[in-house]
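Undergrad: any chance you could fold what I've pasted below:
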Amino acid sequence: MTSLPVVNQPPHRCGALLGQLARRLQTRSESVLTPLGLRPRHLIALTVLRDQGGSSQQDLAKTLEMDSTNVVGLLNDLETENLIERRRSPVDRRRHVVELTDVGAKLLARAEFALAAVEDEVFRGLSEEQRETLYTLLQQATNKSEIEACTEAVRPPVC
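TA: Here you go, the predicted structure:
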């Protein structure tokens, strides 16, 4: 029997622990978003619209890195619940402008409050300083800005 090559690895591996935390966060997040009628992709779109003060439908698709057909379906969901409003651009009638409604802004605030409580629960063993350090390290590890990290959640996995 041939021996396997020795791999120089750190004594503590993070992958399994990160996976466990991710599953716990996802399960708990879904449990607080579902009663609000939201899915993670809804939350991300609402957040982008709030942070950008509205967007053209086409620009929103680019920001979310989603196919325009999928964005239409997403916006239909949000519009049905009066969370967003779509209207023709006064500058270019071919374009749709999408904005967050007051109802959408209030629901987004409730969702963010609920998700903050989830993070507090999941990371209760860490101090505030440790949580900030963890956030910084995770951003460095993913080599992504905050908006890139958020929008990645709405993209389907590439198999």
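
Undergrad: just the element for Glu99, please.
TA: strand 96-100 (DSSP states H and E).

Undergrad: what pairs with that strand, and is each one parallel or antiparallel?
TA: Applying DSSP bridges, strand 96-100 is found paired with strand 55-56 (antiparallel), strand 84-88 (antiparallel).

Undergrad: residues in contact with the last one?
TA: So the one you mean is strand 84-88. By Cβ atoms under 8 Å, 6 or more residues apart in numbering, the residues outside strand 84-88 that reach it are 45-46, 49, 57, 75, 78-79, 95-101, 104. For every residue, glycine as well, the C-beta is placed using N, CA and C.

Undergrad: compute the inter-axis angle for the next helix or strand after the strand holding Glu99 and strand 84-88.
TA: Using DSSP H and E, the helix or strand that follows strand 96-100 in sequence is helix 102-122. Between helix 102-122 and strand 84-88, the angle comes out at 140 degrees (axes from the mean of the first three to the mean of the last three Cα atoms, to 10 degrees).

Undergrad: alpha carbons only: can I get helix 102-122 in PDB?
TA: Below are the C-alpha coordinates for helix 102-122, written out as PDB (Å, rounded to 0.1, in the frame of the first residue of the first chain):
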ATOM      1  CA  ASP A 102     -43.800  52.700   2.500                       C
ATOM      2  CA  VAL A 103     -45.300  49.200   3.200                       C
ATOM      3  CA  GLY A 104     -42.100  47.600   1.800                       C
ATOM      4  CA  ALA A 105     -39.800  49.900   3.800                       C
ATOM      5  CA  LYS A 106     -41.700  49.000   7.000                       C
ATOM      6  CA  LEU A 107     -41.600  45.300   6.300                       C
ATOM      7  CA  LEU A 108     -37.900  45.400   5.500                       C
ATOM      8  CA  ALA A 109     -37.300  47.100   8.800                       C
ATOM      9  CA  ARG A 110     -39.200  44.400  10.600                       C
ATOM     10  CA  ALA A 111     -37.300  41.700   8.700                       C
ATOM     11  CA  GLU A 112     -33.900  43.300   9.500                       C
ATOM     12  CA  PHE A 113     -34.800  43.600  13.100                       C
ATOM     13  CA  ALA A 114     -35.800  39.900  13.200                       C
ATOM     14  CA  LEU A 115     -32.600  38.800  11.400                       C
ATOM     15  CA  ALA A 116     -30.500  40.800  13.800                       C
ATOM     16  CA  ALA A 117     -32.100  38.900  16.600                       C
ATOM     17  CA  VAL A 118     -31.300  35.600  14.800                       C
ATOM     18  CA  GLU A 119     -27.600  36.700  14.500                       C
ATOM     19  CA  ASP A 120     -27.600  37.600  18.100                       C
ATOM     20  CA  GLU A 121     -28.900  34.200  19.000                       C
ATOM     21  CA  VAL A 122     -26.500  32.200  16.700                       C
END
